[in-house]
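J.: Would you be able to build a 3D model of this:
(one chain, ligands or ions: 2)
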Amino acid sequence: MENTNYQILLYYCYAKIENPEEYREQHHLFCVENNIRGRIIISDEGLNGTVSGLVEDCEKYMEYIHADPRFAKTEFKIDSHDKHAFTKIHVRYKPEIVHSALRHLDPNVRTGKHLDPEEFKKLKDQEDVVILDVRSNYEHELGRFKNALTLDIDNFRDFPEKVKELEHLKNKKVLTYCTGGIKCEKASAFLLEQGFEDVYQLHGGIIKYGMEAGGEDFEGKCYVFDNRIAVDVNKVNPKVVSKCHVCGTPSDRMVNCANSTCNAHVPMCEECGWEMEGACSTECKENPDKRTYDGTGYYQKNTNGYNPYKGLVRKGKEKSNA
Ligand SMILES: [Zn+2]
Ligand SMILES: [Zn+2]
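T.: Ligands and ions are numbered 1, 2, ... in the order given. Here you go, the predicted structure:
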């Protein structure tokens, strides 16, 4: 039987944090003490994280967040898993919870209308609708909604620039979507600011759509930011849309290039994986930093010397200097 002792939580909350550095310390300590691992960003505009832990620890973590009135409305996307999905805990302060170059926009003031998965499913095939994927190339190449408009961007911070190419869609209904909903908060707010009139966003993103609407018409896999790399979404009419990086046959098998200095994430079929010894190109295959390919294309990061309390000691140092 499948072991589901662990959970993976994906969440964000736009809320003013007056004391982000201090809060970051507290939050970090809570994670260390409760064996929560993952990546969390704390900023003046809110928090954003993907974490993993034992079911009981994840429950404590969600209670911890909800108990804070600033984050009481936080929604968690919860997945079951058989182990931690991260090797470490990182809680960092950054100026934005998603790097967007759109710091002036506050989704709590104005953003696109939120659509629940079922509402999105009903609306997406209407005549006057454009489905807009606001994610980056490596994400939408692996999977996207059928008929979605994708953007040639390597990073979300390039989104605002690309919107100039979407002028002709200003009087359409624009439905944005992303992995867990966070990028859409800013992306749809930006579209409204640019004069788009009818803007909607998929609330909870692809992940929630998979859980609540069966993932219908999402083609391919959804790229995620933990050790799983990609997850299945569509239980209704799944399809493979990505191609093997080497031979071009349909494949949604994601590998990390065996050359550690490249480490590119590419789809690669089983056969090419062995043929190329897990490398994304002939160049990478010959690179002296190439790691041994074991058929998975996944390489455990070296965590020797990892200190979970790292980042917490700084405060003590400042005190002793004072
Ligand atoms: Zn291939
Ligand atoms: Zn490579």
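
J.: Report the residue spans of the stretch 201-322 of the chain with pLDDT below the cut-off.
T.: Across the stretch 201-322 of the chain, the ranges flagged by pLDDT under 70 are 313-322.

J.: Which positions in it make contact with ligand 2?
T.: If contacts are counted using C-beta under 5 Å from the ion, the residues of the stretch 201-322 of the chain sitting beside ligand 2 are 257, 259, 262, 264, 280, 284. (Glycine included, C-beta is placed from N, CA and C.)

J.: in stretch 191-202, what's buried?
T.: Residues of stretch 191-202 classed as buried under the neighbour-count rule (16 or more other C-beta atoms under 10 Å) are 191, 192, 196, 198, 199, 200, 201, 202.

J.: The third one and residue 252, how far apart?
T.: Using C-beta to C-beta, to the nearest Å, one gets 32 Å for the distance from residue 196 to residue 252.

J.: For the closest residue to residue 83 other than its chain neighbours, which residues are in contact?
T.: Taking C-beta to C-beta, 6 or more residues apart in numbering, and ignoring the residues beside it in sequence, residue 83 has residue 6 as its nearest neighbour in space, at 5.7 Å. The contact partners of residue 6, by C-beta atoms under 8 Å, 6 or more residues apart in numbering, come to 52, 53, 54, 55, 58, 80, 81, 82, 83, 84, 85.

J.: Make CSV out of the residues you listed and add distance to ligand 2.
T.: Written out in CSV, the entries for the contacts of residue 6 read as follows (distance: C-beta to the ion, whole Å):
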residue, distance to ligand 2
52, 28
53, 33
54, 36
55, 37
58, 35
80, 33
81, 28
82, 29
83, 27
84, 27
85, 24
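
J.: Taking those, please make a ChimeraX selection of just the buried ones.
T.: The ChimeraX selection below is limited to those of the contacts of residue 6 classed as buried (16+ other C-beta under 10 Å):
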select :52,53,58,81,84,85
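
J.: Let me have the contacts of residue 6 in CSV, extended by distance to residue 272 and pLDDT.
T.: Shown next, in CSV, are the contacts of residue 6 (distance: C-beta to C-beta, whole Å; pLDDT from 0 to 100):
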residue, distance to residue 272, pLDDT
52, 31, 98
53, 36, 98
54, 38, 98
55, 38, 98
58, 37, 98
80, 32, 96
81, 28, 96
82, 28, 96
83, 28, 95
84, 30, 96
85, 27, 95
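
J.: now, which of the contacts of residue 6 sits nearest residue 106?
T.: Out of the contacts of residue 6, the one with the shortest distance to residue 106 is residue 58. That distance is 29.0 Å, counting by C-beta to C-beta.

J.: Identify the residue nearest that closest one in space, chain neighbours excluded?
T.: Using C-beta to C-beta, 6+ apart and skipping residues adjacent in sequence, the residue nearest residue 58 is residue 7, 4.2 Å away.

J.: any idea what the one you found is structurally, helix, strand or coil?
T.: Secondary structure state of residue 7, per DSSP: H, G, I helix; E, B strand; the rest coil, is strand.

J.: how about it, what does it touch?
T.: When the contact criterion is C-beta under 8 Å, 6+ apart, the partners of residue 7 are 52, 53, 54, 55, 58, 78, 79, 80, 81.

J.: Secondary structure element for the residue in the stretch 51-200 of the chain that ligand 2 sits nearest to, which one?
T.: Closest residue of the stretch 51-200 of the chain to ligand 2, C-beta to the ion: residue 138 (13.2 Å). Taking DSSP states H and E as the criterion, residue 138 maps to helix 137-140.
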